[in-house]
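**Student:** just coords:
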């Protein structure tokens with residue numbers, strides 16, 4: 001299994017687990033159950049670690065969705081007033097620092113989204129998915 005696939009699958013699992021923990025903490029504090037979309041990254045990450053082709057399609061969808069939303073935020077920020085507010089709980093940021101962190105995180109998210117999609121279709125990763133298809137114990 002290519003290392004980049006393990007890193008991507010592990011990251012998806014981590015983000016999904018963090019979402020579950022955040023939802024549970026919110027529910028235990030009495031805020032109710034707040035369903036987060038990143039919850040769906042957990043099964044996608046597990047499927048990537050098993051080289052399931054459907055998980056690669058879902059991972060591509062979620063990376064594309066994240067990139068599209070981030071791109072929409074960037075375009076809207078440029079079109080309106082050129083500012084992106086970064087919500088950091090409990091931390092007061094100066095406006096200049098907030099702008100730099102806001103733009104930096106948006107650009108980084110967009111770059112990561114494109115990078116994940118690219119890595120999922122590189123030859124070593126594609127080979128891992130085609131090998132999984134040919135495996136006799138694979139239900140594909």
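**Tutor:** All right, it came through fine. All figures in this text were calculated on a predicted structure; none of them were measured in a lab. Numbers count the residues shown, from 1 in each chain.

**Student:** the helices in this protein, which residues?
**Tutor:** Secondary structure of the chain (DSSP state H): helices at 3-28, 41-49, 53-79, 95-120, 123-134.

**Student:** what residue lies at the spatial centre of the protein?
**Tutor:** Most central in the chain under Cα atoms, centre = their mean is residue 63, positioned 5.6 Å from the mean C-alpha point.

**Student:** so for that one, what's the pLDDT?
**Tutor:** With respect to pLDDT, residue 63 scores 96.

**Student:** show me what contacts it?
**Tutor:** 112-114, 116-117, 120 (Cβ atoms under 8 Å, 6 or more residues apart in numbering). For the C-beta atoms, the positions are set from N, CA and C on the backbone; glycine is no exception.

**Student:** please identify the most buried of the helices of the chain.
**Tutor:** Greatest average neighbour count among the helices of the chain goes to helix 41-49 (a mean of 21), per mean count of other Cβ atoms under 10 Å.

**Student:** figure out how far that one is from the centre of its chain.
**Tutor:** 11 Å (Cα atoms, centre = their mean, to the nearest Å).

**Student:** relative to helix 95-120, how tilted is it?
**Tutor:** 40 degrees (axes from the mean of the first three to the mean of the last three Cα atoms, to 10 degrees).

**Student:** tell me what helix 41-49 is packed against?
**Tutor:** The contact analysis (3 or more Cβ pairs under 8 Å, 6 or more residues apart in numbering; DSSP states H and E) places helix 41-49 against helix 3-28, helix 53-79.

**Student:** make TSV out of the ones you listed and add distance to residue 103.
**Tutor:** As requested, the helices and strands packed on helix 41-49 are exported to TSV (distance: least, Cβ to Cβ, whole Å):
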stretch	distance to residue 103
helix 3-28	22
helix 53-79	8
